[in-house]
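J.: Here is a sequence with its predicted model. Questions after.
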Amino acid sequence: MSPHNVTKFVLLGLTQNPHLQKILFIVLPIFLFTVLAKLLMVITISLSPTLSAPMYFFLNHLSFLDASLISVTTPKFIIYLLYQRTTISWGACLTQLFMEVTILTVMAYDHYVAICKPLHYTAIMQQGLCQLQVVVVWTAGILRATVQVLFTMDLTFCGPNLIDHFMCDFFSLLELACSDTYSLGMVVAANTGGMCLLIFSMLLISYIVILISLKFHDSEGRRKALSTCGAHFTVVVMSFVSCIFTYTRPVAVYPADKWVAVFFAILTPMFNPIIYTVRNIEVKNAIRSLLKRGVI
């Protein structure tokens, strides 16, 4: 099946400290809460006529993406906490390398049009354009990740198979490889780290433009705009800062990488539904309406 002598890896988890391991069992309720919250968001947006705006269309895709991310990484982490050690196959390891956050860019564009070009918002953000943006984002993300994974498949693993992490990580795999990994490490740093840095810079510029345009709005308009953009920008910072920290540097593995991975692989998907719903009256009203109708 594979030229690799090593076809399974052992994940050593987040920490060997037994006291910290007991505390980390909080990951189980976090995982359940996140998956149920994402499911609730998808059902609410899909069944509520009041949530037909493009923002909610994109939020639906973000919810699905977050649920997929946490479902790929967290179960192995929970198994480790229960049994102190867990193995992962080479194929499953490659699956965990698919992580994508570019859906946030089209959400930022939606906010930009809504605030800076409100009179033309309906004409610009038509359903066809929104669907096209999502298709482009998903296609670009999958192609980028596929190229990276294909490079990784050429690696040879003939020695230790212990990954000092709770999930598969590019740099952790490169450390274990017997073959030369310098070129691939540069590809990973440029592809993942460079992409995160570029998109984050573009998002920052878009929000600067939005903030400048707010001076032409009344106080109520500014309040609504800041509330909506504040939620999105919080998610952007949480998602991209950890990615930039991990991949925009020379190829190396540091102890802090595991804790940063906890942040973007487990905590960020949990916070997203909270951030987007706690201050969103339309979403809360839609959930109440579905509860009254017995749909949820």
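T.: Cool, got the structure. Residues are numbered from 1 along each chain as shown.
J.: What residues of stretch 71-81 count as buried?
T.: With burial defined by 16 or more other Cβ atoms under 10 Å, the residues of stretch 71-81 counted as buried are 72-74, 76-81. From N, CA and C alone the C-beta is placed, and that goes for glycine too.
J.: Oops, could you answer that again for stretch 216-228 instead?
T.: So for stretch 216-228, counting by 16+ other Cβ under 10 Å, buried means 225-226, 228.
J.: now stretch 174-182
T.: Quick answer for stretch 174-182 (16+ other Cβ under 10 Å): 174-177, 181.
J.: now those as TSV including distance to E282 and pLDDT?
T.: Shown next, in TSV, are those (distance: Cβ to Cβ, whole Å; pLDDT from 0 to 100):
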residue	distance to E282	pLDDT
L174	45	81
E175	47	81
L176	48	84
A177	49	83
T181	49	76
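J.: Which one of those residues is nearest to N285?
T.: Ranked by distance to N285 (Cβ to Cβ), those are led by L174 at 48.9 Å.
J.: Now the residue of the chain most remote from its centre: phi and psi?
T.: In the chain, D218 marks the outermost C-alpha relative to the chain mean, sitting 34.2 Å out by Cα atoms, centre = their mean. Note on D218: backbone dihedrals following degrees, to the nearest 10 are phi -80, psi 170.
J.: That one and I210, how far apart?
T.: 16 Å (Cβ to Cβ, to the nearest Å).
J.: list the contacts for the residue farthest from the centre of the chain?
T.: With contact set as Cβ atoms under 8 Å, 6 or more residues apart in numbering, D218 has no partners.
J.: Same question for the one 4 residues further on.
T.: With contact taken as Cβ under 8 Å, 6+ apart, R222 is in contact with L214.
J.: Quickly find the element holding it.
T.: Assessed by DSSP states H and E, R222 sits inside helix 219-247.
J.: so what does the very next helix or strand once past that helix touch, helix or strand wise?
T.: Moving toward the C-terminus from helix 219-247, the next helix or strand (DSSP H and E) is helix 256-262. Counting contacts by 3 or more Cβ pairs under 8 Å, 6 or more residues apart in numbering; DSSP states H and E, helix 256-262 packs against helix 219-247.
J.: How far off centre is the helix it packs on?
T.: Helix 219-247 sits 14 Å away from the centroid of its parent chain (Cα atoms, centre = their mean, to the nearest Å).
J.: Which of the buried residues of stretch 71-81 lies at the shortest distance from Q127?
T.: Of all those, the one sitting nearest Q127 is V72; the distance, using Cβ to Cβ, is 29.9 Å.
J.: Can you read off the pLDDT for that closest one?
T.: You'll see V72 listed with a pLDDT of 80.
J.: Please apply the same query to L214.
T.: Looking at L214, its pLDDT stands at 78.
J.: Kindly report the same for M99.
T.: 61.
J.: just the one 5 residues further on next, same as before
T.: With respect to pLDDT, L104 scores 72.
J.: just the one 5 residues further on next, same as before
T.: At Y109, the pLDDT value in this model is 77.
J.: That one and V209, how far apart?
T.: Counting by Cβ to Cβ, the separation of Y109 from V209 is 11 Å.
J.: okay, those two: which has more neighbours?
T.: Remark: of Y109 and V209, Y109 carries more neighbours, 20 against 12, as counted by other Cβ atoms under 10 Å.
J.: Please name the nearest non-neighbouring residue to G13.
T.: Spatially, and ignoring its direct neighbours in sequence, G13 is nearest to Y80 (4.3 Å; Cβ to Cβ, 6 or more residues apart in numbering).
J.: residues contacting the one you found?
T.: 11, 13-14, 86, 166.
J.: Which one of those residues sits in the busiest neighbourhood?
T.: F166 (27 neighbours).
J.: ok, which stretches of the protein are helices?
T.: 18-23, 27-47, 54-83, 90-96, 103-116, 121-124, 127-153, 170-176, 182-188, 194-213, 219-247, 256-262, 268-278, 281-292 (DSSP state H).
J.: Columns distance to T7 on top of the ones you listed, output as CSV?
T.: Conversion of those to CSV gives the following (distance: least, Cβ to Cβ, whole Å):
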stretch, distance to T7
helix 18-23, 28
helix 27-47, 27
helix 54-83, 17
helix 90-96, 5
helix 103-116, 33
helix 121-124, 50
helix 127-153, 12
helix 170-176, 13
helix 182-188, 19
helix 194-213, 30
helix 219-247, 26
helix 256-262, 23
helix 268-278, 29
helix 281-292, 45
